[in-house]
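>>> Prediction below, plus the sequence it came from.
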Amino acid sequence: MPRLWELIAKEENPEWKKWDAPYYPHKAIPYEEFLKKTGQYTLQKDFFGIFSDETLIGTVCYYWEHEPSLWLEIGIGIYDPAFWGGGIGTKVITAWIEHLFTTMPLVRVGYTTWSGNERMIKVGERLGMTLEARLRKCRYYNGIYYDSIRMGILREEWEEFKVK
């Protein structure tokens, strides 16, 4: 928990927040308060740590948009900038999507990002995902309107992508 707190809640303006939905406010949280949320981070089937050489560098998760129809969305955060741009995110998302399709009766896996996060859009494109929705100019950040982007892949598309 100390390392997770350092990565996601210790700083008021962490570097990663410039890319991860920066249009939503972020507040630093004292460690003692963060510890009260331990249950939502540990021993969960929908939230895992990303490690490099046994050091926590990020997290991956899923959440339900609508569980009865198995509409699931994923999220990833690589919080340590030293690990950006090296392909770790692509590897983790690949493994995460494979895990979800293998362990759950899902039809689709997707995620939402914003047009300012070009790296996240490129990850989806590399993994054979489809741009499913572009809600124009609905994310406002630093005086500029950005699009909200939804990327997704169907199980049969994923199976075909893996063969290539």
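Nice, I can see it.
>>> and the next element down the chain from the least confident helix or strand in the chain by mean pLDDT?
When the helices and strands of the chain are compared on mean pLDDT, DSSP states H and E, helix 38-41 comes out lowest with a mean of 80. As assigned by DSSP states H and E, the chain's next helix or strand after helix 38-41 is strand 47-52.
>>> tell me which element the residue of the chain most remote from its centre is part of?
Distance from the C-alpha centroid of the chain peaks at residue 32, with 25.5 Å (Cα atoms, centre = their mean). In this assignment (DSSP H and E), residue 32 forms part of helix 31-35.
>>> Show me what that helix is packed against.
The contact analysis (3 or more Cβ pairs under 8 Å, 6 or more residues apart in numbering; DSSP states H and E) places helix 31-35 against helix 2-8. All C-beta atoms are positioned from the backbone trio N, CA, C, and that covers glycine.
>>> Which helix runs longest in the chain?
Taking DSSP state H as the criterion, the chain has its longest helix at helix 88-103.
>>> which helices and strands does that helix pack with?
Applying 3+ Cβ pairs under 8 Å, 6+ apart, one finds that helix 88-103 contacts strand 47-52, strand 55-66, strand 71-78, strand 108-114, helix 118-126, helix 155-163.
>>> neighbours of residue 26, just the number please.
Residue 26: 16 surrounding residues under other Cβ atoms under 10 Å.
>>> so it touches residue 12, yeah?
Yes: counting by Cβ atoms under 8 Å, residue 12 is a contact partner of residue 26 at 7.4 Å.
>>> next one: phi and psi at residue 131?
In terms of degrees, to the nearest 10, the main-chain angles of residue 131 are phi -70, psi 100.
>>> Touching stretch 123-143 from outside, list them.
22-23, 89-90, 93-94, 97, 110-111, 114-116, 121, 145-153, 157-158, 160-161, 164 (Cβ atoms under 8 Å, 6 or more residues apart in numbering).
>>> and if you look at stretch 153-162?
Contacting residues not belonging to stretch 153-162 are listed as 97, 98, 101, 106, 107, 108, 109, 110, 127, 128, 129, 130 [Cβ under 8 Å, 6+ apart].
>>> Tell me the pLDDT of the third one.
What it means is residue 101. On pLDDT, residue 101 comes in at 98.
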